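K.L.:
A predicted structure for the sequence below; I have some questions about it.
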Amino acid sequence: MKRCLNTLFSILLLIGMALTGIVIHPQSASAFVKVSGTFTANESCPATTSIKKGTNPGDIMTTPGASYPISGKNKADGTHYQVRVNDAASPARWVAVNCGTAELGQEMSQGSDNTQSPDDLVSSEP
């Protein structure tokens with residue numbers, strides 16, 4: 001009986017901790033917003049694989065006048081679009097929104113389906 005109570009207490013404690021994390025940080029892991037569209041570069045800008053770190057394998061830069069398919073934004077009011085640079089070894093790249101213009105389609109989803117941070121999406125998002 002005591003063992004059952006200890007197990008029940010442990011389960012309730014874990015559930016409580018999980019719910020507290022969800023309430024305190026509801027948006028922390030779901031900042032990536034899937035969008036479709038086309039980004040046209042107005043200038044030469046870094047196309048990085050990581051926004052935070054600024055990692056840019058191959059020193060890939062956008063080409064003024066070139067268009068790139070958009071797969072998302074780093075958040076709803078984002079500072080970067082995730083674009084596809086086909087000739088890069090790692091084609092999923094982040095480009096600052098002020099580097100060009102975007103023709104966006106509809107936001108496809110946000111929230112629980114997008115539980116990765118933008119820096120985790122380098123190889124998983126086209």
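P.N.:
Great, that's in hand. Numbers count the residues shown, from 1 in each chain.

K.L.:
would you map out the domains in the protein?
P.N.:
1-28, 33-121 (automatic domain parsing).

K.L.:
is it fair to say residue 7 lies in a helix?
P.N.:
Yes. Assessed with DSSP: H, G, I helix; E, B strand; the rest coil, residue 7 lies in a helix.

K.L.:
ok, now which ones touch residue 40?
P.N.:
For residue 40, the contacting residues are 65-68, 100-103, by C-beta atoms under 8 Å, 6 or more residues apart in numbering. The way it works is simple: take the backbone N, C-alpha and C, and place the C-beta from them, glycine included.

K.L.:
related to what we said a few turns ago, which one of the domains of the chain has the poorest average confidence?
P.N.:
Mean pLDDT values for those show the minimum at domain 1-28, a mean of 63.

K.L.:
just the endpoints, please. Distance across stretch 48-59?
P.N.:
By C-alpha to C-alpha, to the nearest Å, the extent of stretch 48-59 from end to end equals 8 Å.

K.L.:
contacts for it, please.
P.N.:
46-47, 74, 79-80, 88-90, 92-95, 118-119, 122.

K.L.:
hang on, the earlier thing: for the contacts of residue 40, pick the one with the most neighbours.
P.N.:
For the contacts of residue 40, the largest number of neighbours (other C-beta atoms under 10 Å) sits with residue 68, at 24 neighbours.

K.L.:
surely that one touches residue 82?
P.N.:
No. Between residue 68 and residue 82 there is no contact under C-beta atoms under 8 Å: 9.7 Å.

K.L.:
so how far is residue 6 from residue 65?
P.N.:
67 Å (C-beta to C-beta, to the nearest Å).

K.L.:
what ranges do the helices span in this protein?
P.N.:
Using DSSP state H, the helices assigned to the chain run over residues 2-24.

K.L.:
my guess is residue 92 contacts residue 69, does it?
P.N.:
No. Contact between residue 92 and residue 69 fails when scored by C-beta under 8 Å: they sit 10.6 Å apart.

K.L.:
who has more neighbours out of these two?
P.N.:
Neighbours were counted for residue 92 and for residue 69 using other C-beta under 10 Å; residue 92 has more, 19 against 16.
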